[in-house]
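**Student:** how would this look folded up:
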Amino acid sequence: MNVEGKVVLISGAARGMGATEARDFAAAGARLVLGDVLEDEVRTLVAEIGTDAAVAVRLDVTKAADWQAAVDAAQARFGRLDVLVNNAGILRFSDILSCSDEEWEQVIGINLSGTFKGIRAVVPLMEAGGGGSIVNISSTSGLKGFSGVPAYIASKFGIRGLTKAAAVELASKGIRVNSVHPGNINTDMVDGLYADYRHVPMNRVGEPGEISKLVMFLASEDSSFSTGAEFVADGGETSGMPNLF
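**Tutor:** Model prediction:
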């Protein structure tokens, strides 16, 4: 998983999986543009990593102008952009009847439209540099349904389809596009969601580092023939229910 010297833009980088991805890429020698609406936290992360290797940008993924500013920061600071990790996302709990228009549009706007706007923004600079890799963070919720989170399910299924459409369209430009489908990962998003993980064959929660290593594989040339594919890291959850009796 050689990512040394690659320039990587990560959205939602201030916390959780995004922050872990940032630290792991930095440790492997990558250079980073880290975006988030949590400006103080992402600047603190950049200070931890080192300002020679990373730069912080305000990135509201629903705003095309913020995406363009992030791409411009990559070009100005590092002269290129090799990898985009579309990591930003939110989860809201409400069933179909109680999900308001505002909540639906917020979740779709951040999770799905934000991913699209990120892809659209990075293509010109990636193509100018000879290609690149885009990694879209979906979910097991993009592979199967759950009750009580219709907007989240729709957004994550949408990312799955968008990944395939982008992979087909961008292959001729040397840009690969893949989706990652984490199961329950030990972050604030799932904190307290389950009392145990008996529904997972491996009977445990995943750790953010187990996702970041997969993302780094997809960012590297070790995955050079993979595009439009779905990479699942869920402890076996989508394979079937374990024997609970």
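**Student:** start to end distance for stretch 160-178?
**Tutor:** Stretch 160-178 has its terminal residues 9 Å apart, counting by Cα to Cα, to the nearest Å.
**Student:** quick one: the helices in this protein?
**Tutor:** Counting by DSSP state H, one finds helices in the chain at the ranges 16-27, 39-49, 64-78, 101-108, 114-128, 150-170, 208-219.
**Student:** Geometric centre of this structure: which residue is closest?
**Tutor:** Asn87 (2.4 Å; Cα atoms, centre = their mean).
**Student:** okay if I get the helices of the chain as a markdown table plus mean pLDDT, distance to Tyr197 and mean neighbour count?
**Tutor:** (Each C-beta comes from the backbone N, C-alpha and C, glycine too.) Formatted as a markdown table, the entries for the helices of the chain read as follows, by pLDDT from 0 to 100; distance: least, Cβ to Cβ, whole Å; neighbours: other Cβ atoms under 10 Å:
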| stretch | mean pLDDT | distance to Tyr197 | mean neighbour count |
| --- | --- | --- | --- |
| helix 16-27 | 97 | 18 | 23 |
| helix 39-49 | 97 | 28 | 17 |
| helix 64-78 | 98 | 35 | 18 |
| helix 101-108 | 98 | 25 | 15 |
| helix 114-128 | 98 | 27 | 21 |
| helix 150-170 | 98 | 19 | 20 |
| helix 208-219 | 98 | 14 | 22 |
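**Student:** Could you verify my assumption that Lys6 touches Asp82?
**Tutor:** Yes: assessed by Cβ atoms under 8 Å, Lys6 is found in contact with Asp82 at 4.2 Å.
**Student:** what does the lengthiest strand in the chain rub up against?
**Tutor:** When the chain is parsed with DSSP state E, its longest strand is strand 175-182. Contacts of strand 175-182 from elsewhere in the structure, counted by Cβ atoms under 8 Å, 6 or more residues apart in numbering, are 17, 119, 123, 126-127, 131-140, 142-143, 159-160, 163, 166-167, 170, 206, 211, 214-215, 218, 223-224, 226-234, 238.
**Student:** ok, back up a step: got the helices of the chain as CSV, with distance to His199 columns?
**Tutor:** Shown next, in CSV, are the helices of the chain (distance: least, Cβ to Cβ, whole Å):
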stretch, distance to His199
helix 16-27, 21
helix 39-49, 32
helix 64-78, 37
helix 101-108, 23
helix 114-128, 27
helix 150-170, 17
helix 208-219, 18
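**Student:** for those, which one sits closest to Asp95?
**Tutor:** Ranking those by distance to Asp95, with Cβ to Cβ as the measure, places helix 150-170 first at 7.1 Å.
**Student:** Let me know the angle separating that closest one from strand 175-182.
**Tutor:** Here the directions of helix 150-170 and strand 175-182 differ by 150 degrees (axes from the mean of the first three to the mean of the last three Cα atoms, to 10 degrees).
**Student:** Give the other helices and strands that helix 150-170 contacts.
**Tutor:** Applying 3 or more Cβ pairs under 8 Å, 6 or more residues apart in numbering; DSSP states H and E, one finds that helix 150-170 contacts helix 101-108, helix 114-128, strand 132-137, strand 175-182.
**Student:** can you give me the angle that helix makes with helix 114-128?
**Tutor:** Here helix 150-170 runs at an angle of 20 degrees relative to helix 114-128 (the same axes, to 10 degrees).
**Student:** circling back: do you know which of the helices and strands packed on helix 150-170 lies nearest Asp72?
**Tutor:** Closest of the helices and strands packed on helix 150-170 to Asp72 is helix 114-128, at 8.8 Å (criterion: Cβ to Cβ).
**Student:** just checking, Val83 touches Gly131?
**Tutor:** No: under the criterion of Cβ under 8 Å, Val83 lies out of contact with Gly131, with a separation of 10.7 Å.
**Student:** Have a look at the two and say which one is more surrounded.
**Tutor:** For Val83 and Gly131, the more surrounded residue by other Cβ atoms under 10 Å is Val83, and the numbers stand at 26 against 14.
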